[in-house]
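[1] missing the sequence, but the structure's below:
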């Protein structure tokens, strides 16, 4: 073992000799048994888990009538596998044996698995005793929660377990007189708490674990199979071949490669190691310091988690928590992720300019950025057009051939796959070694070697976006496609090349399949445990009502100021997210902080769509992976770069400022999330937002066309802000909304078009007797009905009239109004409608004139600078 790196806090990060152990400890488990039984256990159990998940996702159980279980039972089996493997694959302590599994560990692992799967084999009895658990139920629940927390500690470290213990302590001791009165609650008995947490779907076996069992496992498996087939190496080599010759090329390639890896990986640490092993040494070779090389990789990998279609599995959780379709989640995430990556490429370019780097290609920066934006836009258009065309063809075939069209489509896909593999077989396979990065073949040669890897990704996107299949079914069929590719690509290449070892290659394909299935399951151990523990936290929130306490706490800190409130929510989200995996991170921050933004925003007149609020807290929760002292992704990058982990983390945080800026922007300008935006306006928003983000990057980097003066950097930031939020200045001159009398609500609701909402101001008292004066958006039902009917159909709310005033008379339980926190007998104070005023985009003109002035001044300095001296 090499000497570990000190992060400045007493903890150590790994160096290159134990990097593999660090990643295994973080993702798949650091125990590697040498005895035959231990090796077999960690081979067969993950394999069976993957096969089980494929089985329950397939239509076979319903066709054969075998293995058909309800959602709660499948979640219990899912968690049982995770707990069992967490104990077997992850050593409990640093001193625990790595090369064999102790007998005590086996006993505890089996007890944990039995407790975790209790709702599978005892489901009928527990259901019959609903609300009145017996002694056995309570004992199993206590054992289950204790061992689940230990499984999470082993596989994910202490942070998540610590957060869960804090919430459990609040559940039991929230009535302690030593607590401030504002946070006290009546407390819960052991029976009530265990029943809520373990025996219902309000806690551990709730939405989070259901998403893990139904969707997330299959997407993680799909990514593992895709990587096992060689797609990760293919995307990495393709990015380096295309960008490696540019100024600072390895860093630019690292950004693009991490984006591609992010499409199939939900772990920022895995992303750092997968691409960073190759990219960081090459960045250092062309002149990047160790800390900056590591920071570029960390920032790129964090962005990968924010990039659709998977978003570290958060996309699927968001559909459940926000109540919108998967397509809507992808649509809201695509623009921020795209412009963030473009900005990071530009930051890398500016760093290369500041350090005087050169490349074999001296492409002008403006030409390069325009080309990058053009390529990204064209790629999106081509991918979207391809998916749309496939949808049209499938519709035509189904109308002509009926049920037989399915088999015809399968045959056509098989023919396309054979053609792609035959095309790839004309050249040599890609070398996966680090040395091969020094002399890559041309981009075209690399591209043709992996066209067949793109096909399952397109299949996944087609099923999700065009066919609108469920995420689980889409991932299932895409994983089946990957299994076919793994089984056949090597023997088919051997056949097309005229080689005689086809059967040996077939055996290799079988080995690749089993290895991919095992890696996919082991990648899920910590994730599934995290989902279960996150259920404990969610259960505590629903049981105690601590969400309201958090809102009052943030309101106290912010003093009622809206920007201060958002700042404190962002800060608390970062703290809550430290050390947590992506999905658990999102569950924790959204459960605690999303309601805070909605409630306090409404009191300040800021009405934000729920998906924007969830994106806000998710972005800042993910920033915890970067932020010292706990940023695990920074530790992994520092292990490769030999840089200081703390300095790497701070540098990565600086590079990620543009990612931290975006959530504030789309809270105030939801156009960035393409909410209620048409296709033409979406293109316009993308272009303007990209320009704004590039100017923001230039302003923060203090370098534009040449090194900027202080006032020029400030002016660039002002221009960027104006392009992002032109309405800010207009709101200071003209009010955004005009008020109407409350009595007009039914007329406005009746006349509004489909998909519209009514903006209302309501006054009343909350459950604690505190006054409420806030604004809400009430969605309307389909056009054609009277105003009262549309209000109830859309928002689930009814009003009554008393002495000329309108009061909330009825709320549909679980409806939008009830979820917004509106209560009975609140008074409708006024209506707000958009004011008749000039277009906010008029402020683009002075901003662009200021930008033009800066460009002219910097061009003049650049022309008059002595040769060889930086301007």
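    Received, thanks. Keep in mind the model is a prediction, meaning the values are calculated, not measured. Residues are numbered from 1 along each chain as shown.

[2] now for the host helix or strand of residue 747, which elements pack on it?
    For residue 747, the element it lies in under DSSP states H and E is helix 745-751. Secondary-structure packing of helix 745-751 (3 or more Cβ pairs under 8 Å, 6 or more residues apart in numbering; DSSP states H and E): strand 757-765, helix 787-795, strand 827-834. Every residue, glycine included, has its C-beta placed from N, CA and C.

[3] Let me know the angle separating the shortest one from strand 757-765.
    The reference is to strand 827-834. For strand 827-834 against strand 757-765, the angle between stretch directions is 150 degrees (axes from the mean of the first three to the mean of the last three Cα atoms, to 10 degrees).

[4] in strand 827-834, what's buried?
    Burial within strand 827-834, assessed by neighbour count using 16 or more other Cβ atoms under 10 Å, is assigned to 827-832.

[5] how about these in CSV, adding distance to residue 563?
    Output for these, formatted as CSV (distance: Cβ to Cβ, whole Å):
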residue, distance to residue 563
827, 29
828, 28
829, 25
830, 25
831, 26
832, 21
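
[6] Once you drop chain neighbours, what's closest to residue 82?
    Spatial nearest neighbour of residue 82, chain neighbours left out: residue 528 (3.5 Å); criterion: Cβ to Cβ, 6 or more residues apart in numbering.

[7] ok, now which ones touch that neighbour?
    With contacts defined as Cβ atoms under 8 Å, 6 or more residues apart in numbering, the neighbours of residue 528 are 78-79, 81-82, 209, 212-213, 217.

[8] so how many other residues sit close to the closest residue to residue 323 other than its chain neighbours?
    Computed as Cβ to Cβ, 6+ apart, the closest residue to residue 323 that is not its neighbour in sequence is residue 610, at 7.7 Å. Residue 610 is flanked by 20 other residues according to other Cβ atoms under 10 Å.

[9] gap between residue 610 and residue 587?
    For residue 610, the distance to residue 587 equals 15 Å [Cβ to Cβ, to the nearest Å].

[10] Compute the distance between residue 105 and residue 91, please.
    As defined by Cβ to Cβ, residue 105 lies at a distance of 9 Å from residue 91.

[11] For the stretch 301-450 of the chain, which residues score under the pLDDT cut-off?
    The model of the stretch 301-450 of the chain has pLDDT under 70 over residues 309-310, 312-313, 358-387, 434-438.

[12] let's see 80
    301-317, 320-327, 355-406, 431-443 (pLDDT under 80).

[13] dump the residue contacts of residue 575.
    residue 624.

[14] would you list every one of the strands in this protein?
    Under the criterion DSSP state E, the chain carries strands at the ranges 5-6, 12-13, 737-740, 757-765, 771-779, 797-802, 805-811, 827-834.

[15] any chance of these in JSON lines, with mean pLDDT and distance to residue 627 too?
    Listed next are the strands of the chain as JSON lines, based on pLDDT from 0 to 100; distance: least, Cβ to Cβ, whole Å:
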{"stretch": "strand 5-6", "mean pLDDT": "40", "distance to residue 627": "18"}
{"stretch": "strand 12-13", "mean pLDDT": "42", "distance to residue 627": "15"}
{"stretch": "strand 737-740", "mean pLDDT": "89", "distance to residue 627": "38"}
{"stretch": "strand 757-765", "mean pLDDT": "89", "distance to residue 627": "37"}
{"stretch": "strand 771-779", "mean pLDDT": "85", "distance to residue 627": "32"}
{"stretch": "strand 797-802", "mean pLDDT": "91", "distance to residue 627": "41"}
{"stretch": "strand 805-811", "mean pLDDT": "91", "distance to residue 627": "41"}
{"stretch": "strand 827-834", "mean pLDDT": "90", "distance to residue 627": "38"}
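
[16] Would you mind finding the longest helix in the protein?
    When the chain is parsed with DSSP state H, its longest helix is helix 502-544.

[17] Show me how far it is from its chain's centre.
    The gap between where helix 502-544 is centred and where its chain is centred comes out at 17 Å by Cα atoms, centre = their mean, to the nearest Å.

[18] Also stretch 467-486?
    20 Å.

[19] same deal with stretch 756-767?
    Distance of stretch 756-767 from its chain centroid, counting by Cα atoms, centre = their mean, is 32 Å.

[20] And stretch 398-414, by the same measure?
    Offset of stretch 398-414 from its chain centre (Cα atoms, centre = their mean): 35 Å.

[21] Quick check: buried residues in it?
    Applying 16+ other Cβ under 10 Å to stretch 398-414 flags 405, 409 as buried.

[22] I'd like to check what contacts the helix holding residue 747. Which residues are they?
    Around helix 745-751, the neighbours that count as contacts under Cβ under 8 Å, 6+ apart are 740, 758, 760, 780, 785-788, 790-791, 799, 806, 828, 831, 833.

[23] buried set for it?
    Neighbour-count burial for helix 745-751, counted by 16+ other Cβ under 10 Å, picks out 745-746, 748-750.

[24] Tell me the one of those residues nearest residue 455?
    For these, the minimum distance to residue 455 (Cβ to Cβ) is 48.4 Å, reached by residue 749.

[25] Identify the residues contacting the residue nearest to that closest one when sequence neighbours are not counted.
    In this structure, residue 749 finds its nearest non-sequential neighbour in residue 787, 3.5 Å apart by Cβ to Cβ, 6+ apart. By Cβ under 8 Å, 6+ apart, the contact list for residue 787 reads 745-750.

[26] Residue 340 now?
    303, 306, 658-659, 662, 693.

[27] again, only using 6 Å
    With contact set as Cβ atoms under 6 Å, 6 or more residues apart in numbering, residue 340 has these partners: 303, 659.

[28] Residue 405 now?
    397-398.

[29] again with residue 141
    Contacts for residue 141 (Cβ under 6 Å, 6+ apart) come out as 194, 198.

[30] Tell me the predicted confidence for it.
    At residue 141, the model reports a pLDDT of 93.

[31] and what of residue 262?
    If you check residue 262, the pLDDT there is 66.

[32] For stretch 35-55, buried residues please.
    38, 41-42, 45-47, 49-50, 52-54.

[33] got CSV for these, with pLDDT and distance to residue 795 too?
    Output for these, formatted as CSV (pLDDT from 0 to 100; distance: Cβ to Cβ, whole Å):
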residue, pLDDT, distance to residue 795
38, 90, 58
41, 92, 54
42, 92, 53
45, 95, 49
46, 95, 47
47, 95, 50
49, 96, 44
50, 95, 44
52, 94, 42
53, 94, 39
54, 93, 41
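
[34] Distance to residue 471 for those - can I get that in CSV?
    Converted to CSV, the buried residues of stretch 35-55 look like this (distance: Cβ to Cβ, whole Å):
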residue, distance to residue 471
38, 35
41, 31
42, 29
45, 25
46, 22
47, 23
49, 19
50, 17
52, 18
53, 13
54, 15
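
[35] List just the nearest of the contacts of residue 787 to residue 431.
    Looking across the contacts of residue 787 and measuring by Cβ to Cβ, the closest to residue 431 is residue 749, at 65.1 Å.

[36] Check the offset of stretch 89-104 from the chain's centre.
    Worked out by Cα atoms, centre = their mean, stretch 89-104 lies 32 Å from the chain centre.

[37] for stretch 582-594, same thing?
    Its chain's average C-alpha position is 11 Å from that of stretch 582-594, according to Cα atoms, centre = their mean.

[38] Residue 429 versus residue 519, what's the distance?
    Separation of residue 519 from residue 429 (Cβ to Cβ) stands at 20 Å.

[39] Give me the more crowded residue out of these two.
    residue 519 (21 against 15).

[40] for that one, what are its contacts?
    Taking Cβ under 6 Å, 6+ apart, we find residue 519 in contact with residue 224.
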